[in-house]
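>>> kindly generate the corresponding structure for this input.
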Amino acid sequence: MALGELKRFSRNSFFLGLSYALRFAAGLLVTVFVIKRVTPEDFGRLSFALTLSAFFGVAADFGLHTLTVRNIAQDASLAPRYYRNILTLKILLSVIAFAGIVLFVNVLGYPSETKLVVYPIAAFMFISSLGTYHYFLFRGLERMDLEAGASLAHNASLIVCVLGVMLLADGKFPVSVGYVTTGYLAAGIISTVIIFALLGRHVGRPGLSVDPAFWGKLLKESSYFAFFAMLGLIYIHVDTVMLSKLRPDPEKEIALYQAPVRLLGAAVMIVAVVINVYLPILSRRFKGPRDDFISLVKTLNRIGVTLIAPIAVFTMIYNKEIVEFFFRKEYEESGRILVVLSLATLVWFAPPYGVVFAAMDKQRINFFVAAACAGANVVLNLIFIPRYGAIAAAATTLATYLLQKAFYAAFSRKYLGSALISPRFVAALLLCAALAGGLTLTNLHLIAAGAVFCALYAVFSYLLILSREEKLLCLRLAGLTKAQEVQG
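Predicted coordinates:
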C-alpha cells in the first residue's frame, strides 16, 4: 500500500470508524433501552416493522447508494449530476415503497396493533433515507469527516428522541410502543433537516433534477445492486416475516430472535468500517495492475478476519452472560440463538466477497449468488420455522451463509486465482477461543472480561498473527516508525 493511499486510508478509517461508533452506540442504547422498557410482544411488533421497512427500503434505494460510491469515487466530477437526479428519484421511489408497505400489511391481514407500529416506523425509514443517502455521497467523495457529521446528527437524534419520549412515560412499565414509534419519527425528521444543512454548508446547495434519459441509465446500472440487496435482505430478514405468519405466538418469537440479531448488528459495525473504507479504494485499484488489486483484496480479507473473530467467539462463549446483562429474563431462550447467529456472522464476513466483486463490476455474480441463497433460505425457513421457530430461523441463516461462501469461493478461484480463505482465519479463531475460554474460569464481570479479552487479543494478535508488513502499518498509523518503511 503506497504512503499516500495509507494516509488517505487511515484518515478515512478514523472518520468512518467514528461514524460507525455512533451507529453502534445508538443501536445498542436504543435496542437495550427498548427491550427493558416494553413487553416482548411490543418489541416483536417493533422489530417486525423495522424489518418490513428495510425490505421495502430496497425499492427506495434501488442500488443507487452503492452506485454513488463506486462511480463518484472513480470520477468526482460526476457528483453534482448524480446527486440531484438520485435525490429526486429517491423521493419518488420512497413514496412508492411506503404505499407498498401499507398494501402489504392490509392485504395479508395483520392486526391493527401491528399496523399502528408499522406505519410510523415506515415513515421514519423513508424520511431518514433521504438524509442517510448523503453518507454514500460523502463516502464516494472520500469525505468521511462529513459522513461522521451526518452520522452524529442521525444517531444523536435517534438516542435523544427515542429515549426522551420513553422517559416521558414517567417510569411506567411496560411503556407503550407508541412512545417508541413517535421518537423514531421525530428523530428521522430532525436528523434529515440537519444533514441537508450540513450538505449545503460544506459541499453545495441541495437540489433536484429531472432527467428521464439519465434516470433510465442510472436505474439500469443500479438494478444489479438493487436486486442483490433485495435478495440479500431475503436471506437475512425473511425469517422474521415468516415467524410473523408461521408461529402461534409470533410477536414473542420475533422478539427472541431479533434481540440477538440487533445486538450483533451493532457489535460487527467495526468490521463494516474496514470494508466500507476499502470499497472506493478497491474500485480505483481495479483499473490498475491485476496483481496490485489481488494484493489489496487479500489485505482486506486478513484484516476482516482479524477483526470479526474476537466478536463472534466472545459472544458464543459468553452468550448467557450477554443475554442476562443486556436483556430481561423473558429473553433467556435468546442465548442459543445468539450462539448460532454469532457463528453465522463469522461466516458472513470472512472473507467479504460481495464487496470485492462489486468493485470488480461483477454484479452478475453477486446477483446469481444472492438469488441462489435467497431461494435456499426461503425453502429451509418454510420447512423448519413452523416446527422449531426462532432457533430454526437462526440455523437457516447459518446454512445459507455457508452456501454463499461456497459459491463465492468457486467464483473467486476463477477470477482471482484464489479462494481468499486466509490461514489467519484458523489462527485467529484458536487464539480467541483460548483467551475467551480461559477467562470463563475467572469470576470477572462481563464488562471486565470483555475489556481484558480485547486487550489480550490485541497484544497476542500483534505478536503472533499479523505479518511484518501489517505490523509496520500499525506502527506507521501510530506515528512510531518512518514513512518510507511502509511504502510499497
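>>> just checking, Ile159 touches Arg23?
No. With contacts counted by C-beta atoms under 8 Å, Ile159 stays clear of Arg23, the gap being 10.9 Å. All C-beta atoms are positioned from the backbone trio N, CA, C, and that covers glycine.
>>> report the rounded mean pLDDT for the helix or strand where Phe325 lies.
Here Phe325, judged by DSSP states H and E, is contained in helix 319-326. Helix 319-326 carries an average pLDDT of 85.
>>> and that helix, what does it pack onto?
Applying 3 or more C-beta pairs under 8 Å, 6 or more residues apart in numbering; DSSP states H and E, one finds that helix 319-326 contacts helix 250-267, helix 334-349, helix 446-464.
>>> in JSON lines: these, plus mean pLDDT, mean neighbour count and distance to Phe33.
Output for those, formatted as JSON lines (pLDDT from 0 to 100; neighbours: other C-beta atoms under 10 Å; distance: least, C-beta to C-beta, whole Å):
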{"stretch": "helix 250-267", "mean pLDDT": "82", "mean neighbour count": "24", "distance to Phe33": "12"}
{"stretch": "helix 334-349", "mean pLDDT": "85", "mean neighbour count": "22", "distance to Phe33": "17"}
{"stretch": "helix 446-464", "mean pLDDT": "84", "mean neighbour count": "15", "distance to Phe33": "17"}
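>>> can you say which of those helices is nearest to Leu29?
Closest approach to Leu29 among the helices and strands packed on helix 319-326 is made by helix 250-267 (9.2 Å; C-beta to C-beta).
>>> who are the packing partners of that closest one?
helix 3-37, helix 40-61, helix 212-246, helix 290-317, helix 319-326, helix 334-349, helix 390-416.
>>> would you mind giving those helices as a markdown table with distance to Tyr257 added?
Shown next, in a markdown table, are the helices and strands packed on helix 250-267 (distance: least, C-beta to C-beta, whole Å):
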| stretch | distance to Tyr257 |
| --- | --- |
| helix 3-37 | 13 |
| helix 40-61 | 8 |
| helix 212-246 | 6 |
| helix 290-317 | 15 |
| helix 319-326 | 13 |
| helix 334-349 | 6 |
| helix 390-416 | 4 |
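>>> of all those helices, which lies closest to Ser151?
Comparing the helices and strands packed on helix 250-267 by C-beta to C-beta, helix 3-37 comes nearest, at 3.9 Å.
>>> neighbouring contacts of stretch 372-388?
Outside of stretch 372-388, the residues within contact range by C-beta atoms under 8 Å, 6 or more residues apart in numbering are 231-232, 234-235, 238-239, 242-243, 246-247, 392-393, 395-397, 399-401, 403-404, 407.
>>> my error: substitute stretch 307-318 in the last question.
Contact with stretch 307-318 is made by 264, 267-268, 270-271, 274, 322, 338-339, 342-343, 345-346, 349-350, 425, 428-429, 431-433, 436-437, 440, 446, 449-450, 453-454, 457, as judged by C-beta under 8 Å, 6+ apart.
>>> so Met230 is in contact with Val58, correct?
Yes. Under the criterion of C-beta under 8 Å, Met230 makes contact with Val58 at 4.6 Å.
>>> where in the stretch 351-488 of the chain is pLDDT low?
The model of the stretch 351-488 of the chain has pLDDT under 70 over residues 351, 419-425, 466, 469-488.
>>> residue contacts, the residue nearest to Phe56 when sequence neighbours are not counted?
Closest residue in space to Phe56, ignoring its immediate chain neighbours: Ala97 at 4.3 Å, by C-beta to C-beta, 6 or more residues apart in numbering. Contact analysis of Ala97 by C-beta under 8 Å, 6+ apart lists 56-57, 59-60, 126.
>>> distance to Leu208 added to the helices and strands packed on helix 319-326, as TSV?
Shown next, in TSV, are the helices and strands packed on helix 319-326 (distance: least, C-beta to C-beta, whole Å):
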stretch	distance to Leu208
helix 250-267	33
helix 334-349	37
helix 446-464	46
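>>> between those helices, which one is closest to Tyr415.
helix 334-349 (20.2 Å).
>>> which secondary structure elements does the helix or strand following that closest one contact?
Heading C-terminal from helix 334-349, the first helix or strand you meet, by DSSP H and E, is helix 353-359. With contacts taken as 3+ C-beta pairs under 8 Å, 6+ apart, helix 353-359 sits against helix 64-74, helix 212-246, helix 269-285, helix 290-317, helix 363-388, helix 390-416.
>>> right, so of those, which gets closest to Val38?
Val38 lies closest, by C-beta to C-beta, to one member of those: helix 212-246, at 17.2 Å.
>>> what's that closest one packed up against?
So helix 212-246, by 3+ C-beta pairs under 8 Å, 6+ apart, packs with helix 40-61, helix 64-74, helix 79-107, helix 250-267, helix 353-359, helix 363-388, helix 390-416.
>>> turn those helices into TSV, columns for distance to Ser151.
Converted to TSV, those look like this (distance: least, C-beta to C-beta, whole Å):
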stretch	distance to Ser151
helix 40-61	17
helix 64-74	14
helix 79-107	18
helix 250-267	14
helix 353-359	20
helix 363-388	26
helix 390-416	27
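>>> which of the ones you listed sits closest to Tyr184?
Comparing the helices and strands packed on helix 212-246 by C-beta to C-beta, helix 40-61 comes nearest, at 8.8 Å.
>>> the inter-axis angle of the closest one versus helix 212-246?
Helix 40-61 and helix 212-246 are oriented at 160 degrees to each other (axes from the mean of the first three to the mean of the last three C-alpha atoms, to 10 degrees).
>>> so what's the closest residue to Thr31 other than its chain neighbours up against?
Residue nearest to Thr31 in three dimensions, not counting chain neighbours: Arg262, with 4.6 Å by C-beta to C-beta, 6+ apart. Taking C-beta under 8 Å, 6+ apart as the contact definition, Arg262 lies against 27, 31, 47.
>>> looking at those, state which has the most neighbours.
Greatest neighbour count in those, by other C-beta atoms under 10 Å, goes to Ser47: 27 neighbours.
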